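Q: A predicted structure for the sequence below; I have some questions about it.
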Amino acid sequence: MSFSPSDSVTQLCTFKDCLARRILAQPGVDGQADTQTEADSLDEFTSYLAQEVWTYLPQALREATYESRESVPDVDDLSLDAIPTSFADTLVSCGISEDDEAAAAFLRKTLQDYVAEACAPPPVWSKTRTKECEICERSVPLTYHHLIPREVHDKIRKKKWHPESLLNSVAWLCRPCHSAVHHVASNEELAREYYTIELLLAREDIQKWRKYAAKQRWGVRRG
């Protein structure tokens, strides 16, 4: 399976989040971020730091996933010589690191966090059950929708559309929303184009259905 641009964005965001957690854990840094301005400032700061470093990291590290974990370089042995000096300068000037050596250690620990998260095994999907429908957000009896329908699994394996670990991924939907999903696209379309709840919710017809369904009271007989 090829590594798509959307996957790259996801991994960059994971790295950025790891940076944010490390920064908030530093002594003297207020971890509350209890105002929107503080949260926006942290987001802007970590976005800058992540972008400064990201393209200088080895490709295998930037594309780290559970499936590729065996090819991800050991962070402890990774050379950081190519990392722009602006990264360390920023950490030192902001009081996050004492010197360049401490900044390198900070980055290495952040990369260890990133690898651990990016290469984490997929969840046991049966344990991802929610209390509300993931489309209409109503607290009603739920069914599980195979985001990649089982009848096309053999074709997916042959075409290598998705990694094996995603084949049994599910979304928890109420019966009306479950039926709506299968009404808007064929099983193959669902498997190829709408294999996450986010991709389903990006469809205009599902958004229209969501607004309608959210207003319906479960268990009320009509007519």
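A: That came in fine, so what should we check first?
Q: Would you mark the buried spots in stretch 89-106?
A: 90-91, 96-97, 103-104, 106 (16 or more other CB atoms under 10 Å). Any C-beta I mention is one placed from the backbone N, CA and C, and that applies to glycine too.
Q: which stretches of this structure have low pLDDT?
A: 1-7, 28-36, 122-128, 219-223 (pLDDT under 70).
Q: And the strands in it, which stretches?
A: Applying DSSP state E to the chain gives strands spanning 143-146, 170-173.
Q: Deepest in the core, which of the ones you listed is it.
A: strand 170-173 (a mean of 21; mean count of other CB atoms under 10 Å).
Q: So which residues make contact with that one?
A: With contacts defined as CB atoms under 8 Å, 6 or more residues apart in numbering, strand 170-173 is touched by 125-126, 128-130, 133-135, 142-147, 181, 197, 200.
Q: What is the neighbour count of the residue nearest to R108 when sequence neighbours are not counted?
A: Nearest non-adjacent residue to R108, counting by CB to CB, 6 or more residues apart in numbering: V75, 5.9 Å away. Neighbour count of V75, defined by other CB atoms under 10 Å: 18.
Q: shouldn't V75 be in contact with Q112?
A: Yes: at 5.0 Å, V75 and Q112 qualify as touching, with contact defined as CB atoms under 8 Å.
Q: Look up how far D113 lies from F106.
A: 11 Å (CB to CB, to the nearest Å).
Q: circling back to that earlier point, quick check: the residue nearest to R108 vs T110, distance?
A: For V75, the distance to T110 (CB to CB) stands at 9 Å.
Q: likewise H182?
A: Per CB to CB, H182 is found 42 Å from T110.
Q: Same check on L142?
A: Distance of L142 to T110, given as CB to CB: 37 Å.
Q: for A102, same thing?
A: A102 is 13 Å from T110, where distance means CB to CB.
Q: Over to I206?
A: In terms of CB to CB, I206 sits 37 Å off from T110.
Q: One more: D205?
A: Distance from D205 to T110, counting by CB to CB: 41 Å.
Q: same thing with S169?
A: Taking CB to CB as the measure, S169 and T110 are separated by 28 Å.
Q: between the two, who's got more neighbours?
A: T110 (22 against 19).
Q: hang on, the more buried one packs against F15?
A: Yes: between T110 and F15 there is a contact under CB under 8 Å: 7.5 Å.
Q: For S139, which non-adjacent residue is closest in space?
A: E132 is the one closest to S139 (CB to CB, 6+ apart), at 5.2 Å.
Q: Q11 against A60, yeah?
A: No: in terms of CB under 8 Å, Q11 does not count as a neighbour of A60; the distance is 11.3 Å.
Q: With neighbour numbers in mind, choose between these two.
A: Per other CB under 10 Å, whichever of Q11 and A60 has more neighbours is Q11, with 21 against 12.
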